[in-house]
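1. What would the 3D arrangement of this be:
(chains A and B)
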Amino acid sequence: MSLEADRSAVPTAVHPGWASAPSPALLVDVDGVVLAANDAALLVLPHSGPGRELADCVPGWLAEAHRSTSIDLGRDAVAGSVGERTFTATSVRVPDGSSMWWLTETTDVTRLQDELRTERERTTFLRTASDDLLSSLNVVRTMEVAAELAAARLADVAWVIEPEVRGRHATAVCVRGQRARAVTLDIHPHDLPGLAEALQGFPPVPSRWIDPALAPEWVLPDSIRATGSMVVTALPGHGVPAGALILLRSTEAQPFSESEEAVARLFAARVGAALSAARLFEEQSAITEVLTAGLLPPALQRVDGVDFAGIYRPAQDTSRLGGDFYDVHPLEGGGSLALLGDVCGKGLEAAVLTGKIRNTMQALLPMAGDHLRMLDLLNAALLSTQDPRFATMVLASAVRVGEQVRLSLTRAGHLPPLIIRADGRVEEVFGRGSLVGVLPVIDGSTEQILLDPGETCLLYTDGIIEARGGPLGDEMFGEARLRRALAGCAGMPAEAMVAHVLMLATEWLGGASHDDMAVLAIAAPVGSDRRAPDGDR
Amino acid sequence: MSHPVTRDDHSRPAPPTAERLWDAVIAGDERAAVDTVVAALDDGADPEELLLDVIGAVQQRIGLAWADNTISVAQEHAATAINERVVASLAGRLPRPQLDRGRVTVACVDGEWHALPARLLTEVLTLRGFRVDYLGAQVPTPHLITHLHRTSPDVVALSGSIPTRLPVAHATITACQSAGIPVMVGGAAFGPEGRYARLLGAQAWAPDARAAADRLAAGPLPRPQAAHQPIDDLPHLADQEYTMVSRSSAALVRAVLAGLEERVPAMRDYTDLQRQHTAEDLAHIVDFLATALYVGEAELFTGFLTWTAGILSARGVPAVSLLPALDLLAGELKDFPRATALLSAAQDELRATVT
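-> The predicted structure is shown next:
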């Protein structure tokens, strides 16, 4: 067969329409010599005319496939590129032993597949990034998570930099494959191209404009020798910039493409939103903590030889505050005044009023010897405000006399205190007294009680006995059940008794909703215990 | 009746200090209890051993004495309160090393009343150089999570002794993890060898405070996977048996109580108080059944019933009296295959132990 053979040399076995078929086709004999090439084949592989050695006129992958005996002809497709384009090739065996290779162009399909895969990877990255970033409301943790995500997917080194606070920047840095760490830096943003702008929320400078050689030393961790390329982008926050993201790639890595920079910006938007939310939470919870601290019931301890213990559970699990309150104030000249009460209503508004009542009572301590006078003045103070709320409470003055504790108890519309005697008897202290904040005049009486060592006076709020639940689901815990339980608590340390009572009521509830609950125990110490100094816990 | 206590056989022999502390604690003598431990510290005792092998060992003995019905719940609380004061007194005298080994939040599962193990862990971790935030018992989960966001600790150590609080423990573990914080758990609630800890997806489990401190000193716990939900750990929850049993607990107790009165003539003469105690015992059985359905482990339910049978025998009540109750419960729950299987396994085991 001559090298100059023209297309008329197409073997007769081939259908005449073959020459103008849209897909490239080559007929090749067993020795790898091209017998015929159709028009489409000559457009793609211009030198593949009849008589040419396949190895000389087609890319290696195709010549190799022809030589290979392992390929199941007619079934397996081989793939490869021809110049910029990609093809798959399948071959059909012709009876004389030669093979007809058909090529199908896949350039567009491959490109679309690549784009789809890249897009999917990005979507997955941004989705998991969002999940991870949303998990914490802690600013430092969020910065660390952001740096780790960026270092895992976008860069060899990632920095998250907060705006300046008093001349310093809080940052988190992560090297690929390691855990992020938080560092506070004393840096000048102007030293790093694009950083000052990013921290002010200006649009990012394209990566290719940034000369990595200008990056300051601090930006390079020891493990990376030189920066190949760098992206600096703003973290957009809620109205004000939340910081900046710096991504570095080493000299060995590909520089950032435009689409990668776009992904970095999408990522930065999520980081910025997460950081702003975390900062908002931090500010708000710091405020809440300070304001709450003043309204929480105090930690109690021994005062002047008398044991005090209190426990409290607000109605709502989400708030630490409620309308029940207690306090114990040491008095000048010895002894102390304890009080426990309940403001009508729940939650924050009730808690604010408990704060007012506690402050007022503290101011009235100089007249602690006269409970009714104190209540009268508190009553007047409550009536003078616009707040229609009222309160019930018990006042208890406690003085240690020898081994005994002398109590003066005044009940202002509150549940009667219970006395747990050493032998297990439980007594109720009645007395009478009107609630505070309703009537113009307070009326009532103060009862005197003596506690022997090991005896306790228990004050509690209605949340305890009105707890609804139990094994049958709808019973009140009730005073009878409380008194029965207390009968088994004789001689118990004060803090064990209050914990025990709250435990019984809580277990009775079995997870049901409840009112605020508070318990205060005043106990005469027992045993060698009475030598224990005050407040030595 | 409350719950079984796991007995630790690998605890060390009690030093004489532990004996003296036991005597003081049981006598309700706080001063003597504090003096005993402080004197041992002054004599050069190792602080960690004082915390774990003296105070911890005495606390364990208190729990066992209560489980054996030799002291009452009230006595147990009284003794525990004194032990807590001992820890507080000791803590104020311990050396404070530099706190540079990471930050740990120690808390109890909400509803837990046994705070002492968590308190002991707190002191041990502090001795070992961890910065510890001790939240104690009675911490509603929302407060714990707020605390985690505020402080971002390296790990949450969660203590629980009451098996029926496992569903709450699981919710807490999941909530901590979705805040990005790994969770280590410990305590009798998590079952033999911490079996339930793994089921509930905790990052680590420790049999005691010493092992917990060793594990944390060995390196950081793995970070939890991104947000997952309780049902991802326990796919069987989709059958709704746990939901149904725990939501209709009161109705089940009422139905079984009525059935018992019909079957057991002696019950008709019960006083209100006896009737109430029976109802409380039944509610406890239903509670354990629901928990076993939640965790998906029969052992949790059968183990509880065997333990209850032992307690009943100790009080002179024949353990076979549990069988009619289980039978009635099975009748009420006949449409629930997992509950039915649990009840029948428990009945078999009970028959085998009492005959």
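2. in chain A, what spans have low per-residue confidence?
-> A:1-14, A:69-75, A:527-537 (pLDDT under 70).
3. Pull the residues that contact stretch B:48-60.
-> With contacts defined as Cβ atoms under 8 Å, 6 or more residues apart in numbering or on different chains, stretch B:48-60 is touched by B:8, B:11-12, B:14-15, B:17-18, B:21-22, B:25, B:37, B:40-41, B:45, B:80, B:83, B:86-87, B:90, B:116-117, B:120, B:123-124, B:127, B:208-210. All C-beta spots, glycine's among them, are computed from the backbone N, C-alpha and C.
4. now do 6 Å
-> Contacts with stretch B:48-60, where a contact means Cβ atoms under 6 Å, 6 or more residues apart in numbering or on different chains, come from B:12, B:14, B:17-18, B:21-22, B:25, B:40, B:83, B:86-87, B:116, B:120, B:123-124, B:127, B:209-210.
5. Give me the residue at the spatial middle of chain A.
-> With distances taken as Cα atoms, centre = their mean, A:Ser136 lies nearest the centre of chain A, 2.5 Å away.
6. ok, for the residue of the stretch 151-300 of chain A found nearest chain B, nearest residue in space, not its chain neighbours?
-> Ranked by Cβ to the nearest Cβ, the top residue of the stretch 151-300 of chain A for proximity to chain B is A:Ser285, at 5.7 Å. Using Cβ to Cβ, 6 or more residues apart in numbering or on different chains and skipping residues adjacent in sequence, the residue nearest A:Ser285 is B:Arg150, 5.7 Å away.
7. How about B:Gln229?
-> B:Thr174 (6.8 Å).
8. Convert the C-alpha atoms of whatever helix or strand that neighbour lives in to PDB, please.
-> In the assignment (DSSP states H and E), B:Thr174 maps to helix B:166-178. The C-alpha trace of helix B:166-178 is given here as PDB (Å, rounded to 0.1, in the frame of the first residue of the first chain):
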ATOM      1  CA  LEU B 166     -29.300   8.700  80.800                       C
ATOM      2  CA  PRO B 167     -31.700  10.200  78.300                       C
ATOM      3  CA  VAL B 168     -31.000  13.600  79.900                       C
ATOM      4  CA  ALA B 169     -27.300  12.800  79.900                       C
ATOM      5  CA  HIS B 170     -27.400  12.000  76.200                       C
ATOM      6  CA  ALA B 171     -29.200  15.300  75.400                       C
ATOM      7  CA  THR B 172     -26.500  17.100  77.400                       C
ATOM      8  CA  ILE B 173     -23.600  15.200  75.700                       C
ATOM      9  CA  THR B 174     -25.100  16.000  72.300                       C
ATOM     10  CA  ALA B 175     -25.600  19.700  73.200                       C
ATOM     11  CA  CYS B 176     -22.000  20.000  74.400                       C
ATOM     12  CA  GLN B 177     -20.700  18.400  71.300                       C
ATOM     13  CA  SER B 178     -22.800  20.600  69.000                       C
END
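9. do the helix or strand following it and chain A meet?
-> Using DSSP H and E, the helix or strand that follows helix B:166-178 in sequence is strand B:183-186. No. Figure legend: strand B:183-186 not in contact with chain A (Cβ under 6 Å from any Cβ of the partner chain); closest approach 13.5 Å.
10. Mean confidence (pLDDT) on whichever helix or strand comes after strand B:183-186, please.
-> Per DSSP H and E, the first helix or strand lying C-terminal to strand B:183-186 is helix B:195-199. In this model, helix B:195-199 carries a mean pLDDT of 94.
11. contacts for helix B:195-199?
-> B:185, B:190, B:205, B:295.
12. same thing but 10 Å
-> B:158, B:160, B:163, B:166, B:169-170, B:173, B:183-187, B:189-191, B:202-206, B:233-234, B:291, B:294-297, B:299-300 (Cβ atoms under 10 Å, 6 or more residues apart in numbering or on different chains).
13. List the buried residues of that helix.
-> Judged by neighbour count (16 or more other Cβ atoms under 10 Å in any protein chain shown), helix B:195-199 contains these buried residues: B:196-197, B:199.
14. Can you tell me the element whichever residue of the stretch 201-350 of chain B sits closest to chain A falls in?
-> Residue nearest to chain A within the stretch 201-350 of chain B: B:Ala250 (2.7 Å; Cβ to the nearest Cβ). For B:Ala250, the host element (DSSP H and E) is helix B:249-263.
15. hang on, the earlier thing: go through the buried residues of helix B:195-199 and say which is closest to chain A.
-> B:Tyr196 (19.6 Å).
16. burial measure for the residue of the stretch 351-500 of chain A found nearest chain B, as a count.
-> Residue nearest to chain B within the stretch 351-500 of chain A: A:Gly473 (2.7 Å; Cβ to the nearest Cβ). The local packing of A:Gly473 (other Cβ atoms under 10 Å in any protein chain shown) involves 17 other residues.
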